[in-house]
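>>> One predicted model, sequence on top.
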Amino acid sequence: MNERANAITPEGIDTGTAYGRPAPTYQRELVEVGPGTPMGELLRRYWHPVGLCGDATDTPRKLRVLGEDLILFRDGQGRPGLLYPHCAHRGTSLYYGKVDERGIRCCYHGWLFDVQGHCLEQPCEPEGGRSRGRRRQPWYPVQERYGLIWAYLGPPEKKPVLPRYECLEVLDEGEFLEADDSSIGGGGPQVIPCNWLQHYENLVDPFHVVILHGSFSGTQFVGEMAVMPEVTWETHEIGVRTVSMRSLPDGRRLRRISEAGLPTLRVIPSPRLGRFGRVESLGWVLPIDDHRFRIYVVGRVREAGELSRMRTRMNGKLWEEMSEEEHRLYPNDVEAMVGQGVIPRHSEEHLVTSDRGIVMLRRLLQEQLQAVAEGRDPAGVGFDPAAPPVVFSAGNWLADSEGMGIS
Amino acid sequence: MNERANAITPEGIDTGTAYGRPAPTYQRELVEVGPGTPMGELLRRYWHPVGLCGDATDTPRKLRVLGEDLILFRDGQGRPGLLYPHCAHRGTSLYYGKVDERGIRCCYHGWLFDVQGHCLEQPCEPEGGRSRGRRRQPWYPVQERYGLIWAYLGPPEKKPVLPRYECLEVLDEGEFLEADDSSIGGGGPQVIPCNWLQHYENLVDPFHVVILHGSFSGTQFVGEMAVMPEVTWETHEIGVRTVSMRSLPDGRRLRRISEAGLPTLRVIPSPRLGRFGRVESLGWVLPIDDHRFRIYVVGRVREAGELSRMRTRMNGKLWEEMSEEEHRLYPNDVEAMVGQGVIPRHSEEHLVTSDRGIVMLRRLLQEQLQAVAEGRDPAGVGFDPAAPPVVFSAGNWLADSEGMGIS
Amino acid sequence: MNERANAITPEGIDTGTAYGRPAPTYQRELVEVGPGTPMGELLRRYWHPVGLCGDATDTPRKLRVLGEDLILFRDGQGRPGLLYPHCAHRGTSLYYGKVDERGIRCCYHGWLFDVQGHCLEQPCEPEGGRSRGRRRQPWYPVQERYGLIWAYLGPPEKKPVLPRYECLEVLDEGEFLEADDSSIGGGGPQVIPCNWLQHYENLVDPFHVVILHGSFSGTQFVGEMAVMPEVTWETHEIGVRTVSMRSLPDGRRLRRISEAGLPTLRVIPSPRLGRFGRVESLGWVLPIDDHRFRIYVVGRVREAGELSRMRTRMNGKLWEEMSEEEHRLYPNDVEAMVGQGVIPRHSEEHLVTSDRGIVMLRRLLQEQLQAVAEGRDPAGVGFDPAAPPVVFSAGNWLADSEGMGIS
């Protein structure tokens, strides 16, 4: 029993204790993504990546997207299909189905559905099912682009064009596109167990880079990123742009622009500063449901596997190779985000000047919620197949102290 | 990035997509089995098997039946007892009790209860508990027959006679009875994680035999069963009878009758066609609770272990020996049933002519629910101990093409 | 198929069956401990041990106390701190924080808090956060005494003095204090998965000692304890006292006094009777939440590790070394308590004369609930730092048959 064990805190009425603290609440309209919720309906007005092209094969694959369970497959003609999992007949999961040239066949009574849910065969029925034409397996339209499978889970009459992006359309000499589904940039496992908004907001928060990635866990990226930036934010039509200026020790200035684009787009140039210039990759934060998300990334690379080598390592270890104690000692985005809780505690936040980007991003989302509520189209939704690719201004640039561009 | 990755689905307003689909619902009165629910009260009007005779020993055993937790044991006089688990005194589980000649004794304060819940001793009370005669541990009556322990969980004044069955009472030369608790016919583990109704309805669905068991996963039974049958159904007083006629390649005709009997009876002749003639075994689908069931089977056999050898194997492997990937590749009843969900999605079904048996079975159940609601006895409940055994018409028979019986 | 398998229970209307039994209920005001509940508010009027002194280090530690998640640490000046886990800024868990001389720093944006939650730094804000003085991380006051960290989770203006106890203040020759967090006396693991009240009531139940500890699982303590005692109970201002008299085979009489003190105190002399005289240790039942508790113990010992050697062993095995089957065969307090359910079933109890202590203890708790509801202070709460230590009368004493004290 040492001295300390008998020390007594001086008396007096304590202030600021946790006693009587109200239970935390969160802004449901920003957080919840299921069918019929405000954000769920807003997100359903856009195309979302739901897998790599290679995920659609003759082996049915279970997906969960925006709180909905689905089955992804590819028929023998090469068409990807995304169906409601429970067979329109008696509800057995098509996960146990067999894929053939024309579609997927339920294991229970053999109903065969094509990629648009048309019922082609009911083999236990007279004449293969006289009314089979009236049956439809619920389905969602899909497209393939940039190595990803894209799905549209929204109202059919509002289906927009799948956008193209300049930074993935215009390739420099020696570059090619690569797609990755390992949730690069989440700092953790492929499926991250918290609400999507926590990561989406992280995109307009350039200051955590200095603390979390720049000093707390050692230098996760490069030394330059640990310099405290001067930051300005701008809301533009389809996103929030963050401009971070850093004065480097050698007198040069680093100008870095990153963006959060509607609905879930991450437009962040490499924090490793390997190259300067326009952004190299795009990421999409996919809400699996209210409590989990994952990230798909497509980037211009010069070597196969370049993207996956961007996953953060601590002491040479990937997140899943670290112990629980190492996760505590060297926290990364995933610890910071999941540490906020499975869903955020908005009522307990105290936003400050360095959180201005978050305020602006929430406002932009609120405006889109309002647009949908009023029957208007949210920003970033377009219907013209001939529309030019979307251009972002994101990138890293160096200038000398006089502001002359040098890269 | 291949060609396909840039293909775009032709535009146009999609029809039949999953967007806006209402949340699925189910017919609660057919599905839920807990105390006080319509089906729960209907099922409680019958005796149910709750274990093998050998399950009742001096080691207390936890059971769950119709959503109720219970403790099964056998006292030193050989009497099986089925008690509410929490001691009438202060609620400690009798699972930790000690069984003696007269009953089971709670570990906490030593109260001793007999198989009918009478409190025989309160050793910490003066005179062993002057008011112990007023205490009663809640219990249920049990009987033993056909190698099974049967329990009646219903209103005491309505307790029926435990029925006898002709096919288990009249044994052919060399036959004896065997009981099995491994859920034979469920195609999976002993405890199957979905609602009991999904299996009960499977009994009047002879078509899935052709698809699921006859072709989808290879030939699970015998080649003859893969021939598409002509089927008729009949509702009789205590069940729904399915008559399946098959024209075999050699010109013979196979006539197969199976039945679903009230309340949970499976009367299905062997799909392996090893013998012809009347049904060899009976099965009882026991709802453990709303989300799990198991199956007890009693059959006439000629060799010990004959029943358990009937469990389905795929590539020589029992279900629990197969990998998850093998379960997906070679689905069986359990995958088809559990794939429907933990509880069914009645609102999303589309029943067709080959589902007529299911419609008839649900109607029969609805009629019994109505009878109980009106204070009448449901079908199959009898009170005459001298009643003759129940006779079923189930079996497999061969005939030549002229319809002359040849077996 | 043996004879028994065909035996039939005699007919007749059964009585006392479990059919129609209402769902169990419990006295919520005695059981629930979360913020705002009656018992939760009563318990929050007292100091509770939440860890060993050694638990507070520069490694943040997760605690759960009375249903609240908290972070315990010790700053570089040696001061223990107990904070709400989610950072006042954007909610990231301080579990991932770094402890320094002045406090703990959040990993996300580097806010630094001292042990009273004052925000000392906001490194991403201009001038380190001009308004940081207005931010406060919710915290609770802590003290260290008897080798334990004590926390006060109640209304600040009602914060009482942390009591001293005579039996831990006045040490006999050769004695020193030892603290233990292994839930000694719970008979099981460190965290016991049921409501705290089940153990607190166990303290005024001397009869279970004879059954559960004295015969059911063999002799867990010493032979003397298996003698059925004569018991009287008394309620005094801050607890319920149990006096158990035992006539030993050699003619001596064992007088044993144990107490349950407000709010969660266990004042039970050693059931191993190694020494006679006043009680050697105190225990505190800490409700982790409604469904789990643990026990902290402080005792006067003569050898280091003496307390932890008091943990019950069966056949030489600690609880966690025993198999599930051994737990069933040799139940201990934990099996008796957890066997009552995660929360008790008060509506199903049948209390008898040997439960009088439980009735008195519940009444004492109800009176304190009433006091708090009426704005009065509950018993055992004091505000005078100069108050003398609390004296208990608990202990084991031997007398010869004439009642002459011999130890």
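Nice, thanks for sending it over.

>>> Can you give me the pLDDT of the closest residue to residue A:399 other than its chain neighbours?
Spatial nearest neighbour of residue A:399, excluding adjacent residues (C-beta to C-beta, 6 or more residues apart in numbering or on different chains): residue A:253 at 4.8 Å. Using the backbone N, CA and C atoms, a C-beta is placed for each residue, glycine as well. pLDDT, residue A:253: 94.

>>> Tell me how many other residues surround residue A:253.
By other C-beta atoms under 10 Å in any protein chain shown, 18 other residues sit near residue A:253.

>>> Check the gap between it and residue A:398 for me.
7 Å (C-beta to C-beta, to the nearest Å).

>>> who does the residue nearest to residue A:399 bridge with?
Taking DSSP bridges, one obtains residue A:247, residue A:399 as the residues bridged to residue A:253.

>>> Quick check, it in contact with residue A:230.
No: if you go by C-beta atoms under 8 Å, residue A:253 and residue A:230 don't touch, sitting 9.9 Å apart.

>>> between the two, what contacts are shared?
A:245, A:246 (C-beta atoms under 8 Å, 6 or more residues apart in numbering or on different chains).

>>> residue contacts, the residue in the stretch 251-400 of chain A that chain C sits nearest to?
Here the stretch 251-400 of chain A gets closest to chain C at one residue, residue A:339, 3.4 Å apart by C-beta to the nearest C-beta. By C-beta under 8 Å, 6+ apart, residue A:339 lies in contact with A:331, C:86, C:91, C:92, C:93, C:95, C:96, C:107, C:108.

>>> Could you find the closest non-adjacent residue to the third one?
Spelled out, it's residue C:91. residue A:340 (4.2 Å).

>>> now that neighbour: how far from residue A:26?
10 Å.

>>> Which of those two has more residues huddled nearby?
When neighbours are counted by other C-beta under 10 Å, residue A:340 comes out ahead of the other of residue A:340 and residue A:26, with 25 against 19.

>>> Hmm, the more buried one is touching residue C:95, no?
No: using C-beta under 8 Å, residue A:340 makes no contact with residue C:95, being 11.7 Å away.

>>> coming back round to it: just say helix, strand or coil for the residue nearest to residue C:91.
Using DSSP: H, G, I helix; E, B strand; the rest coil, the structure places residue A:340 in coil.

>>> what pairs with the closest residue to chain B within the stretch 201-350 of chain A across the strands?
Of all residues in the stretch 201-350 of chain A, the one sitting closest to chain B is residue A:298 (9.5 Å; C-beta to the nearest C-beta). With DSSP bridges applied, residue A:298 shows beta-bridge pairing to residue A:179, residue A:282.

>>> give the contact list for it.
Residue A:298 is in contact with A:146, A:147, A:148, A:168, A:177, A:178, A:179, A:180, A:281, A:282, counting by C-beta under 8 Å, 6+ apart.

>>> okay, the residue of the stretch 251-400 of chain A closest to chain C: pLDDT?
pLDDT recorded at residue A:339 is 97.

>>> Next up, phi/psi of the residue lying closest to it once chain neighbours are set aside, please.
Nearest residue to residue A:339, sequence neighbours excluded (C-beta to C-beta, 6+ apart): residue C:93, at 3.4 Å. Note on residue C:93: its backbone torsions stand at phi -70, psi 130 [degrees, to the nearest 10].

>>> just for chain A, where's the confidence low?
Applying pLDDT under 70 to chain A flags the ranges A:1-11, A:401-407.

>>> Report the central residue of it.
Taking C-alpha atoms, centre = their mean, the centroid of chain A lies closest to residue A:285, which sits 0.5 Å from it.

>>> Give the helix, strand or coil label for that one.
Going by three-state DSSP: residue A:285 is strand.

>>> which ones are touching the nearest residue to residue A:81 once chain neighbours are set aside?
With C-beta to C-beta, 6+ apart as the criterion, residue A:81 has its nearest non-adjacent residue at 3.2 Å, and that residue is residue A:115. Residue A:115 is in contact with A:75, A:79, A:80, A:81, A:82, A:83, A:103, A:139, A:142, counting by C-beta under 8 Å, 6+ apart.

>>> ok, 7 Å please
A:75, A:79, A:80, A:81, A:103 (C-beta atoms under 7 Å, 6 or more residues apart in numbering or on different chains).

>>> can you check residue A:354 too?
Residues in contact with residue A:354 (C-beta under 7 Å, 6+ apart) are A:207, C:124, C:125.

>>> Format those residues as JSON lines; extra columns: neighbour count.
Formatted as JSON lines, the contacts of residue A:354 follow (neighbours: other C-beta atoms under 10 Å in any protein chain shown):
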{"residue": "A:207", "neighbour count": "24"}
{"residue": "C:124", "neighbour count": "26"}
{"residue": "C:125", "neighbour count": "20"}
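
>>> Can you list which of those are found in helices?
residue A:207 (DSSP state H).

>>> filter the contacts of residue A:354 down to the ones near chain B?
When contact is defined as C-beta under 7 Å from any C-beta of the partner chain, the contacts of residue A:354 do not meet chain B at all.

>>> Can I get the contacts of residue A:354 in TSV including distance to residue A:52?
Below are those laid out as TSV (distance: C-beta to C-beta, whole Å):
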residue	distance to residue A:52
A:207	33
C:124	36
C:125	41
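
>>> Can you name the two of the contacts of residue A:115 that sit furthest apart?
A:80 and A:103 (11.6 Å; C-beta to C-beta).

>>> These two: which is more packed in?
Counted by other C-beta under 10 Å, residue A:80 and residue A:103 do not tie: residue A:103 has more neighbours, with 28 against 24.

>>> Quickly note the distance from residue A:161 to residue A:141.
Distance, residue A:161 to residue A:141, by C-beta to C-beta: 12 Å.

>>> Also residue A:349?
38 Å.

>>> Tell me which of those two has more neighbours.
Higher neighbour count among residue A:349 and residue A:141: residue A:141, with 23 against 19, using other C-beta under 10 Å.

>>> isn't the more buried one right up against residue A:152?
Yes: under the criterion of C-beta atoms under 7 Å, residue A:141 makes contact with residue A:152 at 5.1 Å.

>>> thinking the residue nearest to the centre of chain A is in contact with residue A:295, fair?
Yes: here residue A:285 reaches residue A:295: they are 5.6 Å apart, a contact under C-beta under 7 Å.

>>> Excluding covalently adjacent residues, which one is nearest to the residue in the stretch 301-407 of chain A that chain B sits nearest to?
Proximity of the stretch 301-407 of chain A to chain B (C-beta to the nearest C-beta) peaks at residue A:385, 7.1 Å away. Spatial nearest neighbour of residue A:385, chain neighbours left out: residue A:161 (5.3 Å); criterion: C-beta to C-beta, 6+ apart.

>>> so how far is residue A:281 from the one you found?
Residue A:161 is 22 Å from residue A:281, by C-beta to C-beta.

>>> interface residues of chain A facing chain C?
Selection of chain A residues close to chain C by C-beta under 7 Å from any C-beta yields A:1, A:4-9, A:13-19, A:21, A:207-208, A:210-212, A:216, A:328, A:331, A:335-336, A:339-341, A:344-345, A:348-350, A:352-354.

>>> Please state the backbone phi and psi of residue A:196?
phi -60, psi -30.

>>> What is the neighbour count of it?
27.

>>> cool, and the one 3 residues further on?
Burial of residue A:199 is recorded as 26 neighbouring residues (other C-beta under 10 Å).

>>> Can I take it that it is in a strand?
No: according to three-state DSSP, the state of residue A:199 is helix, so it is not within a strand.

>>> Please name the residues that touch the closest residue to it other than its chain neighbours.
Nearest residue to residue A:199, sequence neighbours excluded (C-beta to C-beta, 6+ apart): residue A:285, at 5.3 Å. Taking C-beta under 7 Å, 6+ apart, we find residue A:285 in contact with A:196, A:199, A:200, A:264, A:266, A:293, A:295.

>>> Could you find the closest non-adjacent residue to the fourth one?
It refers to residue A:264. Of all residues not flanking residue A:264 in the chain, residue A:285 sits nearest, at 4.2 Å (C-beta to C-beta, 6+ apart).
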